[in-house]
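Enquirer: Would you be able to build a 3D model of this:
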Amino acid sequence: MKPSIEEVIAAVPAWRGRAVTAERIAGGLTNHNYRVEVEGRPCFVRIPGPGTDLLAVDRGNELHNTRAAATAGVGPRVLHVVERWNVIVLEWLPARTMSNAAFQAPGEPTRIAEALRRLHGGPRFRDDFDMVALASRYLAVVDERAIPVPAGYREHLDAVPRIDAALRACLLPMVPCHNDLLAENYLDDGDRLWIVDYEYSGNNDPTFELGNTAQELEFDEQRLRELVDGYFGEATPALVARCRLQMILSDVGWSLWAALQARISPIDFDFTGWANDRWTRAEAMIDGPDFEGWLEATARG
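Expert: Numbering: from 1, shown residues only. All right, here's what the predicted structure looks like:
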């Protein structure tokens, strides 16, 4: 059972006998988040939502990687952990939550690249992340529970091993990646970007990170190239093509995540529409005129 915020507050030894107040933070597609003030000093409390084991969230991996990201200087510090509920208490960052609209401003792709280089250059994460394997796991759960998937999804699954083969033809070194970089997982303190929420983090190909966030932020070709150039120092055709294929894989996996959430999540959110939107993007890229060229350019390296 999910604990109440009052139960969480009572379970943190350092808070006993102190003046503590809590306020629910709106948003979040999986967990319940709170701003808790302890004698006027704020912190962030994350209470996991139900069913996240079906979503392949490993809370031990998440905690390890959250601490690693803090060491890298790109994530908040872990202040307390309530292990029996997998509750994490993080330092409060005085920063604004970003949005897709905010990331349309000039220079933002370069700022993202700088934040990703800090994360990827930090301590290695505990586990590896493989979207092809994760999507296969999600599909097995979907089939077991007879959960509907977006129209046309199964008919395009033959594209996934082709993408995987092209990516594996010229492997890049694995680095600690977040892997789920929606706009809301970036915070801007006015000087630099911070990255939060490491539920799906793991060591991965850095181009998945770039492709995933470019897709989530709905970057056009110019912004994608700026992101790749800011990260690698040059937006070569092969690197841009590789990111394009990773954008497809990102939507292939997270479409199924949303289909699962539509069945198991108590949160009032249109997960079915979210799944359909992401699959529509992936389908258009697979069926588009550039797909074969992306495969070829990526495999050449």
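Enquirer: helices or strands up against the helix or strand where N276 lies?
Expert: Using DSSP states H and E, N276 maps to helix 271-287. Here helix 271-287 touches helix 237-264, going by 3 or more C-beta pairs under 8 Å, 6 or more residues apart in numbering; DSSP states H and E. Backbone N, C-alpha and C define where each C-beta goes, glycine included.
Enquirer: after the helix holding N276, next one along is what?
Expert: helix 291-300.
Enquirer: ok, residues contacting the helix holding N276?
Expert: With contact meaning C-beta atoms under 8 Å, 6 or more residues apart in numbering, helix 271-287 is reached by 29, 149-153, 156, 159, 215, 244, 247-248, 251-252, 254-259, 261-262, 265, 291.
Enquirer: That helix relative to helix 237-264, how many degrees between them?
Expert: Interaxial angle, helix 271-287 versus helix 237-264 (axes from the mean of the first three to the mean of the last three C-alpha atoms, to 10 degrees): 150 degrees.
Enquirer: Only alpha carbons, please: show helix 271-287 as CSV.
Expert: This file holds the C-alpha atoms of helix 271-287, laid out as CSV (Å, rounded to 0.1, in the frame of the first residue of the first chain):
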residue,chain,number,x,y,z
PHE,A,271,-2.3,7.5,-21.2
THR,A,272,-4.0,6.0,-24.2
GLY,A,273,-3.8,9.3,-26.1
TRP,A,274,-0.2,9.6,-25.0
ALA,A,275,0.6,6.1,-26.4
ASN,A,276,-1.1,6.8,-29.7
ASP,A,277,0.7,10.1,-30.1
ARG,A,278,4.1,8.5,-29.6
TRP,A,279,3.4,5.6,-31.8
THR,A,280,2.1,7.9,-34.6
ARG,A,281,5.5,9.7,-34.5
ALA,A,282,7.4,6.4,-34.7
GLU,A,283,5.2,5.0,-37.5
ALA,A,284,5.7,8.1,-39.6
MET,A,285,9.5,7.9,-39.3
ILE,A,286,9.5,4.2,-40.1
ASP,A,287,7.3,4.7,-43.2
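Enquirer: how big is the angle separating it from helix 291-300?
Expert: On the basis of the same axes, to 10 degrees, helix 271-287 is oriented at 80 degrees to helix 291-300.
Enquirer: Show me what stretch 122-135 is in contact with.
Expert: The contact list for stretch 122-135 (C-beta under 8 Å, 6+ apart) reads 56, 58, 60-61, 64-65, 68-69, 71-74, 160, 164, 174, 176-177, 179, 200-204, 208, 249-250, 252-253, 256.
Enquirer: The residue nearest the centre of the chain sits in which helix or strand?
Expert: Centroid-nearest residue in the chain: D180, 1.1 Å away (criterion: C-alpha atoms, centre = their mean). Using DSSP H and E, D180 is not contained in any helix or strand.
Enquirer: ok, it - contacts?
Expert: By C-beta under 8 Å, 6+ apart, D180 lies in contact with 197, 199-201, 212, 254.
Enquirer: one step back: which among the contacts of stretch 122-135 end up buried?
Expert: Listed as buried from the contacts of stretch 122-135 are 56, 58, 61, 64-65, 68-69, 72, 74, 160, 164, 174, 176-177, 179, 200-204, 208, 249-250, 252-253, 256; burial here means 16 or more other C-beta atoms under 10 Å.
Enquirer: From those residues, which land in strands?
Expert: Members of the buried ones among the contacts of stretch 122-135 lying in strands (criterion: DSSP state E): 176-177, 202-204.
Enquirer: between those, which is closest to A105?
Expert: Of all these, C177 has the smallest distance to A105: 24.3 Å, by C-beta to C-beta.
Enquirer: Show me what counts as buried in the helix holding N276.
Expert: For helix 271-287, by 16+ other C-beta under 10 Å, it's 271, 274-276, 278-279, 281-283, 285-286.
Enquirer: With pLDDT and distance to A169 as extra columns, can I get these in TSV?
Expert: Shown next, in TSV, are the buried residues of helix 271-287 (pLDDT from 0 to 100; distance: C-beta to C-beta, whole Å):
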residue	pLDDT	distance to A169
F271	95	35
W274	95	32
A275	97	30
N276	97	32
R278	96	26
W279	97	26
R281	96	24
A282	98	21
E283	98	24
M285	98	19
I286	98	19
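Enquirer: can I get those in JSON lines with distance to I88?
Expert: Converted to JSON lines, those look like this (distance: C-beta to C-beta, whole Å):
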{"residue": "F271", "distance to I88": "24"}
{"residue": "W274", "distance to I88": "25"}
{"residue": "A275", "distance to I88": "27"}
{"residue": "N276", "distance to I88": "32"}
{"residue": "R278", "distance to I88": "27"}
{"residue": "W279", "distance to I88": "31"}
{"residue": "R281", "distance to I88": "31"}
{"residue": "A282", "distance to I88": "32"}
{"residue": "E283", "distance to I88": "36"}
{"residue": "M285", "distance to I88": "35"}
{"residue": "I286", "distance to I88": "37"}
